[in-house]
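Asker: Prediction below, plus the sequence it came from.
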Amino acid sequence: MPKPPMSVEHTFPDSAARNAQGEFETEKMSLSMGPSHPSTHGVLRLQLELDGEVVTKADPVIGYLHRGDEKIAENMTYNQFVPYTDRLDYLAPLANNMAYAIAVEKLAKLEVPARCQAIRVITAEMARISAHLLGLGAFGIDVGAWSVFLYSFTEREKLYKLFEELTGARFTTSYTRIGGVARDVPPGWLERVNAFCDQFLPLLEEILDLLTRNRIFVDRTAGIGVISKEDAIAYGLTGPNLRASGVPLDLRKDKPYSGYEKYEFDVAVGTKGDGYDRYLVRGEEMRQSVRIIRQAIAKFPEGKWYAEDARRIIAPPKDKVLTSMEELIQNFMIVTEGPQMPAGEVYFEAENPKGALGFYIVSKGGGVPWRLKIRAPSFCNLSILPKVCVGALISDVVAILGSLDFVMGECDR
Amino acid sequence: MPAAADAVAAVKGGWPGVTDRASLDHPAINVPASDLLAVLRSLRDDHGFDMLADVSGVDWSVGVSPRFTVVYHVFSTARHDYVRVAADCADGASPEVPSATGLWPGADWHEREAYDMFGIRFAGHPDLRRILMWDEYPHFPLRKDFPLAGIETELPDADVVAETRTGAIAAPMMGGPFVAAPGQINLTEAEPRAKDESWSERRPKPGA
């Protein structure tokens, strides 16, 4: 019979001899966790070195989802890259769209109207709720609390319905344009978002109640994966993971963009920096997001949903292209040459659900970026794993991964 | 005067080699590679830029000197400002700058990525391995002389291929890239369609 492929032969040549001498030795075991493992949330692989059940060394192996987004960006026009940003943190595409659009707008020196800013804030906060709901649901499953996931997915479905109505897509929205958004909000949509918020808040409390004082959940997360304030900053952690460690840094407050300075909200900050704190911070952020959405809807401004100056960037409306020479030529130039940008360098970070999503754009002029670097929050947040995992049990590693709430589409780009 | 501009002025006073860098947003400086660590340390310790937000390699194209630049963005968590620090790699053939891992442990992965994508070496990095591509990968994909469609490369481990008999290669995009290529080329060339249709999955590439 032929040998089955990839068989592993275990030989312990001298163990019998050692045992005979009464000499018991332990040896380190290496364990490859992932890339397809339910708790690695995608295709993260952890090369663990174990002493019994205790992790003595953790080496994350990433890159399984590497698509070369930055290379692709150098080979297409600024407008064409918008759909690729959906696929970074694919749990919050609307927030990624906005971060990219603002970065390019800084390059083009464009100011978008207040209505556009408000639409972007509403969609970004809805994306935050949607991303945190998934984060909590998956975290719950990781530590054995299944039902949270069912509740949170029901709520996400409602959000997806609203996204679909606004953008035409549930998942990969590609909604923003450079200098605006694709279209205005549909009639009655804002009321439906408000109605969602009304029914969501009590349900959110119900979802959080399933975990907050759940003995098993608390035992598995409190004191697990503690990240000190100093470490969090030194490793470049951002977002809820940084705030859970006690650093009150929120770019929406501290470096406001898209009109965030107009809204009142609180920044949730943890004290211990453990898995439980990270959970609490995310829970509170969803409440604050609802607050922001409500304020944005209450004072929703009139006006255009794109900047007038952005006409040289956004392709003109289709009916004009088919009937007017000027628009036809403009459309042709934007599609073939790309929108013409000034030369220069910009770096912009937005406070995304996972942390600070940054775009560093080097332009030499013309319609294509010379270099577009994506600073992915999940990439930086995962870089602390070799430090946090050491000394933890294997089962704690699962809880740590769940509490860090990363997404590999963004980490690997 | 904002925090970042203060810090940049102080750093320029301390190191004569440091010069202003053109920027559309945050204060930016060019730093000689020899002063890089000292400048970054001063920004971190004396001016409160305690977080390394990003490290990015830039390839200015084949034949340009200097060809590679490493761009750091440092952020102050107290004063909420960025400074951009750029260091040119003197040697285009084997680019190298000192590693910032001693200042920020978070620089580790960023530098591994810059090495992986551009082949920029970071002197003093404790573990300079590829991070996104697999260890045996022979190319540096974000260099400007690397084609978008990719280069055919053996899969990672020869023994896996031998065992599983997959016979797979990491295929470049079939005849692609399927994107409009704007710029200084004629418009027929720039059409978004397969550039080379003479081969496909079933018909092997001529001469391959």
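Answerer: Nice, I can see it.
Asker: Could you list the residues of the stretch 51-200 of chain A in contact with chain B?
Answerer: Within reach of chain B by Cβ under 8 Å from any Cβ of the partner chain, the stretch 51-200 of chain A has these residues: A:62-63, A:66, A:68, A:70-72, A:75-77, A:80, A:106-107, A:109. Glycine gets a C-beta too; all of them are placed from N, C-alpha and C.
Asker: Any of these buried? List them.
Answerer: Buried positions within these, assessed by neighbour count (16 or more other Cβ atoms under 10 Å in any protein chain shown), are A:62-63, A:66, A:68, A:70-72, A:75-77, A:80, A:106-107.
Asker: Next step: these restricted to helices.
Answerer: Residues of these located in helices (DSSP state H): A:70-72, A:106-107.
Asker: Save the residues you listed as JSON lines, and put in pLDDT too.
Answerer: As requested, those are exported to JSON lines (pLDDT from 0 to 100):
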{"residue": "A:E70", "pLDDT": "91"}
{"residue": "A:K71", "pLDDT": "88"}
{"residue": "A:I72", "pLDDT": "85"}
{"residue": "A:K106", "pLDDT": "90"}
{"residue": "A:L107", "pLDDT": "90"}
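Asker: what about the helices in chain B?
Answerer: So, for chain B - with DSSP H - the helices run B:3-14, B:36-45, B:107-118, B:158-164, B:187-190.
Asker: Please identify the most buried of these.
Answerer: Highest mean neighbour count among the helices of chain B (mean count of other Cβ atoms under 10 Å in any protein chain shown): helix B:107-118, with a mean of 24.
Asker: Which strands or helices does that helix pack on?
Answerer: Secondary-structure packing of helix B:107-118 (3 or more Cβ pairs under 8 Å, 6 or more residues apart in numbering or on different chains; DSSP states H and E): helix A:377-382, strand B:51-59, strand B:121-123.
Asker: swap the cut-off to 10 Å and go again
Answerer: With contacts taken as 3 or more Cβ pairs under 10 Å, 6 or more residues apart in numbering or on different chains; DSSP states H and E, helix B:107-118 sits against helix A:69-73, strand A:371-375, helix A:377-382, strand B:51-59, strand B:68-75, strand B:121-123.
Asker: rewinding a little: mind putting the helices of chain B into a markdown table with mean pLDDT?
Answerer: Shown next, in a markdown table, are the helices of chain B (pLDDT from 0 to 100):
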| stretch | mean pLDDT |
| --- | --- |
| helix B:3-14 | 82 |
| helix B:36-45 | 90 |
| helix B:107-118 | 92 |
| helix B:158-164 | 71 |
| helix B:187-190 | 54 |
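Asker: out of the ones you listed, which comes closest to A:L328?
Answerer: helix B:187-190 (15.1 Å; Cβ to Cβ).
Asker: which residues sit in contact with the spatially closest residue to B:V74 that is not a sequence neighbour?
Answerer: Leaving out its chain neighbours, the residue that sits closest to B:V74 by Cβ to Cβ, 6 or more residues apart in numbering or on different chains is B:F49, at 4.0 Å. Under the criterion of Cβ atoms under 10 Å, 6 or more residues apart in numbering or on different chains, the neighbours of B:F49 are B:3-4, B:7, B:40, B:42-43, B:72-79, B:81-83, B:85.
Asker: Equivalent analysis for A:I102, please.
Answerer: A:110, A:112, A:117, A:120, A:176, A:178, A:257-258, A:346, A:348-350, A:359.
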